[in-house]
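Visitor: sequence and predicted structure, then a few things I'm wondering about:
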Amino acid sequence: MKKIILLYWGMGGNVERTAHKVYNMFDPLTIDISDVVSFDINNIENYDLMILGHSTIGAEDWQEAKADNEWNAFFRRIEEKGSTNIIAASFGLGDQVLYPDHFVDSLGIYNMEMETLGIKTIGRWPTEGYKYTDSDGEKDGKFYGLALDVDNEPELSEKRISQWTDELKKELGI
Ligand SMILES: Cc1cc2nc3c(=O)[nH]c(=O)nc-3n(C[C@H](O)[C@H](O)[C@H](O)COP(=O)(O)O)c2cc1C
């Protein structure tokens, strides 16, 4: 049976709440959930797909935070472990109104990390319906993963999550 691990960071806010909504879209027999810090990297080979859930906290903040960013530490743990056959899909939270020049940048930043590690990524998502001026999280009219703005469009998130997870299920054949 195909198995999924959903990893998220940070804690106690929109990302954690959204992670549980994404988790609930799957049969509990096929998916496990953990914050990224608690996840034991040695268990990664038990899974076919990892879903990463994160938010963007500002481009400058990202550069400054790089050394102690929990995702960065996670990617270094994968690098140290060596090659993995797992594939990945991401959802990223952002705010189009307050940060229209950096909307969901994290989707692009973490996608690049995974490409460097040789991890295949799936779950691209169309940019139609969003209003922003620039994003490192998009390329050629698609976000690298599901973009969610729960600060300004909470009412759209449920449908977006449902459609996106349906596509993942199709791609995985579950
Ligand atoms: C200090 C700070 C910087 C942020 N910078 C960005 C940004 O550059 N781009 C973006 O799309 N959203 C940005 N956001 C919005 C968050 O990504 C958004 O509010 C998200 O839902 C927060 O999730 P959380 O409650 O789990 O922390 C920023 C939020 C904060 C507090």
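Guide: Thanks, I have it. Numbering: from 1, shown residues only.

Visitor: which SS class is the residue nearest the centre of the chain?
Guide: In the chain, the residue lying closest to the centroid (CA atoms, centre = their mean) is Ser90, at 2.4 Å. Three-state assignment for Ser90 (DSSP: H, G, I helix; E, B strand; the rest coil): strand.

Visitor: partners of it in the sheet?
Guide: Leu52 (DSSP bridges).

Visitor: these two touch, right, it and Leu146?
Guide: Yes: with contact defined as CB atoms under 8 Å, Ser90 reaches Leu146; the gap is 7.3 Å. Every residue, glycine included, has its C-beta placed from N, CA and C.

Visitor: which neighbours do the two have in common?
Guide: Applying CB atoms under 8 Å, 6 or more residues apart in numbering, one finds that Ser90 and Leu146 are jointly contacted by Gly123.

Visitor: what's the one helix or strand Ala73 maps to in contact with?
Guide: Here Ala73, judged by DSSP states H and E, is contained in helix 70-81. Contact with helix 70-81 is made by 7, 9-10, 36-37, 39, 41-42, 44, 52, 54, 66, 84, 110, 113-114, 117, 119, as judged by CB under 8 Å, 6+ apart.

Visitor: now do that helix: distance to the chain's middle.
Guide: 15 Å (CA atoms, centre = their mean, to the nearest Å).

Visitor: how close does the residue nearest to the centre of the chain get to Pro100?
Guide: Distance of Ser90 to Pro100, given as CB to CB, to the nearest Å: 21 Å.

Visitor: same thing with Leu168?
Guide: On the measure of CB to CB, Leu168 and Pro100 end up 28 Å apart.

Visitor: repeat that for Tyr144.
Guide: 18 Å.

Visitor: cool, and Gly82?
Guide: The gap separating Gly82 from Pro100 is 40 Å, by CB to CB.

Visitor: cool, and Gly13?
Guide: 21 Å.

Visitor: the more surrounded of the two?
Guide: Ranked by neighbour count (other CB atoms under 10 Å), Gly13 and Pro100 place Pro100 first, with 15 against 11.

Visitor: alright, calling it a day.
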